[in-house]
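Peer 1: Got a predicted structure plus its sequence, pasted below:
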Amino acid sequence: MIQDIFPSKLYNEYKNVEMRREDNLLIFDKEGRILLGKVNEKMHFLKGEDYSGEDVVYLFSLDEKRFFLLREISDFKKDGFEYYSVRDVRDKFDVPEVYAAFTAYHLWKWYSDNIYCGKCSHALNIDDKERALRCPKCGNVIYPRINPAVIVGVLKDDTILITKYKRGYGHSALVAGFTEIGETLEETVKREVMEETGVSVKNIRYYKSQPWGMAQDILTGFFCEADGDGTIQMDENELKYAEWVKREDVLLQPNNLSLTNEMMKLFKDNLI
């Protein structure tokens, strides 16, 4: 999956440090696309020496490589580099660089969405001791937002419930959705499966989690069984496909980055 970068390691603790010439710099445009170079299908990042402006903040380190973000939206250009959407990054590159780009996008989205204080409207400052934004006027502190969501592998006899979204990602998927206020993850599983497919479930069991910076998510994977005959009543506003699929007929996604694909592969290979 996207976070499986061993022997590399992501160090995400905040540091109040200045960017060096050799450090990696990430720049996003107004559409949330990231400026990257591409040589022999390998992702390349800008370096600190490529940009002499201000408003740069430390993000994280990947092993000994430090990554910084230009907070302001930019149309900065460099020969051999172009702007890629995070979906393009997912499709065209591989880990660990994709993991770095997704995590950077998550933080960029938080920084870009929080310019002014939600209590008093004063401009926010970057805190110098932790990953936070602080209002110098009223003292309000804002931390990065992480959205909890579930991925659900619903099983019935020797089939799994496969879906395809009506909009966006076009490959096979599982039932998924965000956790609502006051709701447990297990309750999210039941509600999302019922809302999207009309299927009741039982025997819900946790499988694995995954950070997913594309949507600022922490994804939690669950397997469960259909409770009843499994008749599908698909929500046509959300999905364009929802069917019970046999192991040998499961079509996997084109790469191994997602928790969804790992769960589908686990079923296809008869490991669940």
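Peer 2: That came through fine. Everything quoted here is computed from the prediction, not taken from an experiment.
Peer 1: from what I can see residue 12 touches residue 60, true?
Peer 2: Yes: assessed by CB atoms under 8 Å, residue 12 is found in contact with residue 60 at 4.6 Å. All C-beta spots, glycine's among them, are computed from the backbone N, C-alpha and C.
Peer 1: who's more crowded, the two?
Peer 2: Counted by other CB atoms under 10 Å, residue 12 and residue 60 do not tie: residue 60 has more neighbours, with 20 against 14.
Peer 1: distance of the residue nearest to residue 135 when sequence neighbours are not counted from residue 133?
Peer 2: Spatially, and ignoring its direct neighbours in sequence, residue 135 is nearest to residue 117 (3.9 Å; CB to CB, 6 or more residues apart in numbering). Computed as CB to CB, to the nearest Å, the residue 117 to residue 133 distance reads 8 Å.
Peer 1: Spit out the residues that contact these two alike.
Peer 2: 124, 142 (CB atoms under 8 Å, 6 or more residues apart in numbering).
Peer 1: give me the low-pLDDT residue ranges for this protein?
Peer 2: 168 (pLDDT under 70).
Peer 1: Longest strand in it, please.
Peer 2: Ranked by number of residues, the top strand in the chain under DSSP state E is strand 201-212.
Peer 1: What lies in contact with it?
Peer 2: Contacts of strand 201-212 (CB under 8 Å, 6+ apart): 1-3, 102-103, 106, 149, 152-154, 185-186, 189-190, 193-194, 217-227, 258-259, 262-263.
Peer 1: Report the buried residues of the helix or strand following that strand.
Peer 2: Reading on from strand 201-212 to the C-terminus, the next helix or strand found by DSSP states H and E is strand 217-226. Using 16 or more other CB atoms under 10 Å as the test for burial, strand 217-226 gives 217, 219, 220, 221, 222, 223, 224, 225, 226.
Peer 1: What segments of the stretch 51-200 of the chain are helices?
Peer 2: For the stretch 51-200 of the chain, applying DSSP state H, counting those that start in this stretch gives helices covering 86-92, 97-113, 185-197.
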